[in-house]
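In: sequence and predicted model, in that order:
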Amino acid sequence: MAFDLVQYFSDQVKIQKPQLLQQYDADSRNAYIQELNALTLGKLIRLWREDDNKLYQEIKTLDPLYIQEVSRHLTTSVHNQSELPKPELEHGISEILSLQLTELKQLDETGNFGSNGLKELLQGQIEHLSGQADDWVWSTNELIELKGSKPLPQEELSLDDTMKEFNQMLHQQADHAPVESTVVAEPTVPGWAKVLEPVVAIAILWILYCAASQMFA
């Protein structure tokens, strides 16, 4: 695994350039530095792929005009969606790019990296850059293989919210459930019983008449 230049450069910007973007609060400043750090380092990787000899010479010479050219190109890109005002954005890119090139030159000189060593070091930064910035950064510096690498934020639901959703679901199901009516059916009387009702009544009266006659006889 290659040495993590992403974090190293970010830390060096905060140490060596304390005045950069100091007008913002700490959280915003750190976010902007991380964003611009990924933007410029990604561009260096892309430029190395296009012409490694040219970029290696630029690292050794640190030409201010070259730094200005790359910074302006990134600032004016149609893909750039940075929230920073354009003057602050170009200045920030220029400052961070200059620091990155200077650090790479020192690494090359002290570690005897050479062109092949720096190539391996820069190409190894892809894994460290992955997920570090939004897709517009990778579109701007043309490091498009990293598009989609940043995980999307997922909203965390509390237990109360989960229970509310569950209760709401139960109520919706209850509202749509069919209502069964409970009607008590009246007992049905057979037809033959209705026909015999007068006969039974006459028989009962006859029995009562006979009983009464015997009592008074």
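Out: Perfect, I can see it now.
In: what ranges do the helices span in the chain?
Out: 5-16, 26-50, 52-61, 64-76, 86-111, 114-123, 126-129, 135-140, 159-176, 191-216 (DSSP state H).
In: mind putting those into a markdown table with mean neighbour count?
Out: In this view, the C-beta of every residue, glycine as well, is placed from N, C-alpha and C. Below are these laid out as a markdown table (neighbours: other C-beta atoms under 10 Å):
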| stretch | mean neighbour count |
| --- | --- |
| helix 5-16 | 16 |
| helix 26-50 | 19 |
| helix 52-61 | 16 |
| helix 64-76 | 16 |
| helix 86-111 | 18 |
| helix 114-123 | 15 |
| helix 126-129 | 17 |
| helix 135-140 | 20 |
| helix 159-176 | 10 |
| helix 191-216 | 9 |
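In: dump those into a markdown table; add distance to residue 147 and mean pLDDT as well.
Out: What follows is those, written out as a markdown table (distance: least, C-beta to C-beta, whole Å; pLDDT from 0 to 100):
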| stretch | distance to residue 147 | mean pLDDT |
| --- | --- | --- |
| helix 5-16 | 17 | 95 |
| helix 26-50 | 11 | 96 |
| helix 52-61 | 23 | 95 |
| helix 64-76 | 17 | 97 |
| helix 86-111 | 20 | 96 |
| helix 114-123 | 18 | 93 |
| helix 126-129 | 12 | 94 |
| helix 135-140 | 5 | 96 |
| helix 159-176 | 32 | 65 |
| helix 191-216 | 86 | 62 |
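In: which one, of these, ends up nearest to residue 150?
Out: helix 135-140 (7.2 Å; C-beta to C-beta).
In: circling back to that earlier point, can you tell me which of the helices of the chain is nearest to residue 146?
Out: Of these, nearest to residue 146 by C-beta to C-beta is helix 135-140, at 4.5 Å.
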